[in-house]
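Visitor: 3D model of this:
(chains A and B)
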2 protein chains.
Amino acid sequence: MRIHVQNPANDPEFSITEAQWRAAIARSPDMAGLQVSFASDDPGFAAALPEAEVLLTWVRPLRQRFPVGALPGVAPKLKVIACTSAGVDSAAPFDWLPDSVALLNNRGTHAEKAGEFAIMALLMLQTHMPAFADQQRRGEWKPLFASTLAGRRVVIVGLGSLGGGVARRAKQFGMTVVGVRHGSEPHPDCDETHPNEALDALLPTADFLVLACPLTDRTRNLLSRERIGLLPRGARLVNIARGAVWDQDAVCDALDSGHLGGCVTDVAVPEPLPADHRLWRTPGMIVTPHVSADDRERYNDRTLDILFDNLRALRDGRPMPNRVDPSKGY
Amino acid sequence: MRIHVQNPANDPEFSITEAQWRAAIARSPDMAGLQVSFASDDPGFAAALPEAEVLLTWVRPLRQRFPVGALPGVAPKLKVIACTSAGVDSAAPFDWLPDSVALLNNRGTHAEKAGEFAIMALLMLQTHMPAFADQQRRGEWKPLFASTLAGRRVVIVGLGSLGGGVARRAKQFGMTVVGVRHGSEPHPDCDETHPNEALDALLPTADFLVLACPLTDRTRNLLSRERIGLLPRGARLVNIARGAVWDQDAVCDALDSGHLGGCVTDVAVPEPLPADHRLWRTPGMIVTPHVSADDRERYNDRTLDILFDNLRALRDGRPMPNRVDPSKGY
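Guide: Just a heads-up that it's a prediction; the model follows:
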């Protein structure tokens, strides 16, 4: 089987190297028969497509590379497109993707890192770190005490790789973990799981709300101004999903008014956030620059392991675990 | 047995109430025979001492209340002084304390909270939060990526209640946990334990160093300028012990020079820290105002449970687990 790895042109840190490939093959000797090519430029990409059966690529070039209807002509043997990101929203809508080609996301690379980031954010909010950051700027020593996370109720929207990683850590800290997902099957690290439709009823019960869902048509503006109003006074908020999942201005207003007790966001609209944006300066808000889920040291290794898991499933006639359902968007 | 509870005069939040006492007795019905009195003023304190066999008190008034040689005269029946703090350094030297009176610290109240604070601090340092705080002030969106804590080596100085709580959480995150303590008996959450004398040899191996020891004559200036120099370049530092345990100026210098990769401190010299102190403004330094170990919601309940555990040991002729060795200072 022929596989082409198309690396990003300007991001050597996220490029998959031949050494990483060889190390991954050493971990999965049954994949040693794969024929691999690498490129990071456009001519290399174009040259590889006629023969490639599997394409491993950054998600952003897909819609440009494959205008609607073009894929079967430029990549006639292609069966699998594996994306190196967990979210594939920037390739939507999927009108360019023939049914015969499976699109894989990279769900699973991010669980550990996202779980660590989110529990850090929950601990920071519980410990009043947004207030202490303001006090440090002013040189003000004013203790604000806080109990532990144990017994606090966290509602996690999305139980994929990110949300699942968060749930696992939250459980370790004795929180009551409530998952909101498509459907309502139980999750090993959640005390309760509820379907998306239950969100309005759950919001008033949340000490903490974590947004960890993919951005789709269904989740755009999910945390609307009205739903922010359903959260109890003093509720705290973490966003590791996408900025468009919430009403960003309404979140800032709710922090300004004291309705929300604090917020950590790793995402914003737009990214990068301009220097004069109110998000940077809203009291109680901590902003990080989209770093919550990317573990660059271990990322490429995990990416290749996940790809091989999926190719193994394809070979054995099982469903590929990372296949995206274009109608859902994840 | 007669017990007197002397609450602080100006800190109702930390005062033990009669309702908390009754709830603690309900958890420990074998203690129902205790006769208890409460006061928060000086006349009430003086009135209770002639009959009190057990005194539960804030640590600070002890040296004033009991000048050297005075205790047997003013409190002739006293057998136990239980302090509500884990550190009793502000009552040292213990020249005022007769051998016949057992001094108890409150070790055990702080483990959960201190463990949470310290793992938050480690996660913040690993995630570049000091740099992101600077960037947020400037409105600058500049990603800095980081892997997870797993596999990183943390050296924890002090394995009492605080250090033990830190070790437990660090282990949960897959860190290699190295404990430094008086003696070298193993600790269930440490991969290695070493005696204090091994510190110089351990410092060059530390990705992270956590100070969690009591302040005593032996630990004053323990992390001296010379020892800071033994840490590898980029090492990160957390202090939840006391400000006098490190050379504070040398820490700031090492952050300024880039030798240290970041620091979270919950303690300072002096406390409260004046607004113009360099600690507030040293790049890479995050300061919190001595809140790392106090869980006010659960503090008094834990304090009474620990006291009853010790009184039970006294009754049964076992060593009291929280008894302070005045020659060691903890």
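Visitor: Close to chain B: what parts of the stretch 1-150 of chain A are there?
Guide: Neighbours of chain B within the stretch 1-150 of chain A, by CB under 8 Å from any CB of the partner chain: A:13, A:112-113, A:116-117, A:119-120, A:123-124, A:126-129, A:132-133, A:135-150. Using the backbone N, CA and C atoms, a C-beta is placed for each residue, glycine as well.
Visitor: So which of those belong to helices?
Guide: Judged by DSSP state H, the residues of the stretch 1-150 of chain A next to chain B include A:112-113, A:116-117, A:119-120, A:123-124, A:126, A:129, A:132-133, A:135-138 as members of helices.
Visitor: ok, those vs B:M175, which is closest?
Guide: Checking these against B:M175 by CB to CB gives A:E116 as the nearest, at 11.4 Å.
Visitor: what about the nearest residue to that closest one once chain neighbours are set aside, how many residues close to it?
Guide: Excluding the flanking residues, the one nearest A:E116 by CB to CB, 6 or more residues apart in numbering or on different chains is B:T148, at 5.3 Å. By other CB atoms under 10 Å in any protein chain shown, 21 other residues sit near B:T148.
Visitor: The one 3 residues further on now?
Guide: The number of residues packed near B:G151 is 13, by other CB under 10 Å.
Visitor: correct me, but it touches B:V177?
Guide: No: between B:G151 and B:V177 there is no contact under CB atoms under 8 Å: 11.5 Å.
Visitor: Now do the strands in the stretch 1-150 of chain A.
Guide: All strands of the stretch 1-150 of chain A, identified by DSSP state E, counting those that start in this stretch, fall at A:2-6, A:35-39, A:54-57, A:80-83, A:102-104.
Visitor: Could you list every helix and strand in contact with the fourth one?
Guide: What that stands for is strand A:80-83. strand A:54-57, strand A:102-104, helix A:296-316 (3 or more CB pairs under 8 Å, 6 or more residues apart in numbering or on different chains; DSSP states H and E).
Visitor: How about the shortest one?
Guide: Identification of packing neighbours for strand A:102-104 by 3+ CB pairs under 8 Å, 6+ apart yields strand A:80-83, helix A:296-316.
Visitor: Between helix A:111-126 and the longest one, find me the angle.
Guide: The reference is to helix A:296-316. Calculated by axes from the mean of the first three to the mean of the last three CA atoms, to 10 degrees, helix A:296-316 forms an angle of 130 degrees with helix A:111-126.
Visitor: ends of stretch A:157-166, how far apart?
Guide: 10 Å (CA to CA, to the nearest Å).
Visitor: gap between that stretch and the chain center?
Guide: 9 Å (CA atoms, centre = their mean, to the nearest Å).
Visitor: can you list the residues that contact stretch A:211-226?
Guide: For stretch A:211-226, the external contacting residues (CB atoms under 8 Å, 6 or more residues apart in numbering or on different chains) are A:86-89, A:92, A:114, A:118, A:156-160, A:162-163, A:166, A:196, A:199, A:209, A:237-242, A:244-247, A:250-251, A:253, A:328-330.
Visitor: repeat that for 6 Å
Guide: A:87, A:89, A:156-158, A:162-163, A:166, A:239-242, A:244-247, A:250, A:329-330 (CB atoms under 6 Å, 6 or more residues apart in numbering or on different chains).
Visitor: Just the ones in helices from the residues you listed, please.
Guide: Short answer: those in helices (DSSP H) are A:L162, A:G163, A:V166, A:A250.
Visitor: Could you list the residues in contact with the helix or strand of chain A with the lowest mean pLDDT?
Guide: None of the helices or strands of chain A scores lower by mean pLDDT, DSSP states H and E than helix A:62-65, at a mean of 90. Outside of helix A:62-65, the residues within contact range by CB under 6 Å, 6+ apart are A:A91.
Visitor: now with 8 Å?
Guide: A:F45, A:V74, A:I81, A:C83, A:S90, A:A91, A:W96.
Visitor: Now tabulate these in TSV and tack on neighbour count and distance to A:G258.
Guide: Below are those laid out as TSV (neighbours: other CB atoms under 10 Å in any protein chain shown; distance: CB to CB, whole Å):
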residue	neighbour count	distance to A:G258
A:F45	20	52
A:V74	14	56
A:I81	23	47
A:C83	24	41
A:S90	14	36
A:A91	23	40
A:W96	18	47
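Visitor: Out of those residues, the closest to B:R107 would be?
Guide: The closest of these to B:R107 turns out to be A:C83 (CB to CB; 51.9 Å).
Visitor: so who does that closest one touch?
Guide: A:T57, A:W58, A:V59, A:L62, A:A91, A:L103, A:L104, A:N105, A:N106.
Visitor: same check, this time on A:K142
Guide: By CB under 8 Å, 6+ apart, the residues touching A:K142 are A:Q135, B:P289.
Visitor: Give me the phi and psi for it.
Guide: phi -140, psi 100 (degrees, to the nearest 10).
Visitor: ok, A:L71 touching A:V101?
Guide: Yes: assessed by CB under 8 Å, A:L71 is found in contact with A:V101 at 6.7 Å.
Visitor: Look up the residues that both of the two are in contact with.
Guide: Counting by CB under 8 Å, 6+ apart, the common neighbours of A:L71 and A:V101 are A:L78.
Visitor: which of these two has more neighbours?
Guide: A:L71 (20 against 16).
Visitor: how far away is A:D266 from B:A82?
Guide: Using CB to CB, to the nearest Å, A:D266 is found at 45 Å from B:A82.
Visitor: Local confidence estimate at A:V88?
Guide: On pLDDT, A:V88 comes in at 88.
Visitor: My guess is it contacts A:V59. True?
Guide: Yes: the pair A:V88 / A:V59 is scored as a contact, 5.5 Å apart, by CB under 8 Å.
Visitor: Give the residue from those two that has the larger number of neighbours.
Guide: Set A:V88 next to A:V59 and count neighbours by other CB under 10 Å: A:V88 wins out with 24 against 20.
Visitor: show me the contacts for the more buried one.
Guide: A:V59, A:L103, A:N105, A:P214, A:V324, A:G329, A:Y330 are the contacts of A:V88 under CB under 8 Å, 6+ apart.
Visitor: Which of the residues in stretch A:33-53 are classified as buried?
Guide: A:L34, A:V36, A:F38, A:A39, A:S40, A:F45, A:A48, A:L49, A:A52, A:E53 (16 or more other CB atoms under 10 Å in any protein chain shown).
Visitor: swap in stretch A:214-233?
Guide: Of the residues in stretch A:214-233, A:P214, A:L215, A:T216, A:T219, A:L222, A:L223, A:R227, A:I228, A:L230, A:L231 count as buried by neighbour count, 16+ other CB under 10 Å.
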